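*Asks:* Below are the sequence and a predicted model for it; my questions follow.
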Amino acid sequence: MNVIGSRPDGWWRDRRGAMRSLVSSLAAYAQATGDEVTVFFDGRPFDVGEPPIPIHFAPGGPNAADDEIVRFLATDPEPQSLTVVTSDATLADRVRAHGAEVIPAGGFRRELD
């Protein structure tokens, strides 16, 4: 959510709409760059359409998606080949501990537009 929250564009008035918009932007980014993109959201699943990228929902409260990201990295045979977009310092430290790269959310968000 800190990728969505990196821009104060009123996303909090329509959280699900902001999530759908991010998924759409990330799908376009993946198609344009050829990069594999996986999205992790805190909260219960809801209909985001049928995007061509994997989306994981992590119910269970704050930072549940962070825990899912770390589990994802822990099971990947080459976590150093992965990049996580976040501006959360604690998550960034956890990600780096697995050897993955971190890109700040704000900079990445500007790249999407």
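*Replies:* The structure has been received and is ready for your questions.
*Asks:* helices or strands up against the helix or strand harbouring residue 20?
*Replies:* Per DSSP states H and E: residue 20 is located in helix 15-33. Under the contact criterion of 3 or more CB pairs under 8 Å, 6 or more residues apart in numbering; DSSP states H and E, helix 15-33 touches strand 39-42, helix 105-112. All C-beta atoms are positioned from the backbone trio N, CA, C, and that covers glycine.
*Asks:* Off-centre distance for the last one?
*Replies:* The offset between the C-alpha centroid of helix 105-112 and the centroid of the whole chain comes to 12 Å, using CA atoms, centre = their mean, to the nearest Å.
*Asks:* mind listing what's buried in that helix?
*Replies:* Within helix 105-112, the residues that count as buried by 16 or more other CB atoms under 10 Å are 105, 108-109.
*Asks:* which residue sits closest to the residue nearest the centre of the chain, ignoring its sequence neighbours?
*Replies:* Centroid-nearest residue in the chain, with CA atoms, centre = their mean: residue 39, separated by 4.3 Å. Closest residue to residue 39 apart from its sequence neighbours, by CB to CB, 6 or more residues apart in numbering: residue 55 at 4.6 Å.
*Asks:* With residue 76 instead?
*Replies:* Once flanking residues are discounted, residue 76 sits nearest to residue 82: 6.3 Å by CB to CB, 6+ apart.
*Asks:* cool, residue 40 as well?
*Replies:* Nearest residue to residue 40, sequence neighbours excluded (CB to CB, 6+ apart): residue 65, at 4.2 Å.
*Asks:* hang on, the one you found in a helix?
*Replies:* Yes. Applying DSSP: H, G, I helix; E, B strand; the rest coil, one finds residue 65 inside a helix.
*Asks:* Was I right to think residue 103 contacts residue 82?
*Replies:* No. Residue 103 is beyond contact range of residue 82, at 11.0 Å (criterion: CB atoms under 8 Å).
*Asks:* helices or strands up against the one helix or strand in the chain whose mean pLDDT sits lowest?
*Replies:* Sorting the helices and strands of the chain by mean pLDDT, DSSP states H and E puts helix 105-112 at the bottom, at a mean of 90. Using 3+ CB pairs under 8 Å, 6+ apart, the elements in contact with helix 105-112 are helix 15-33.
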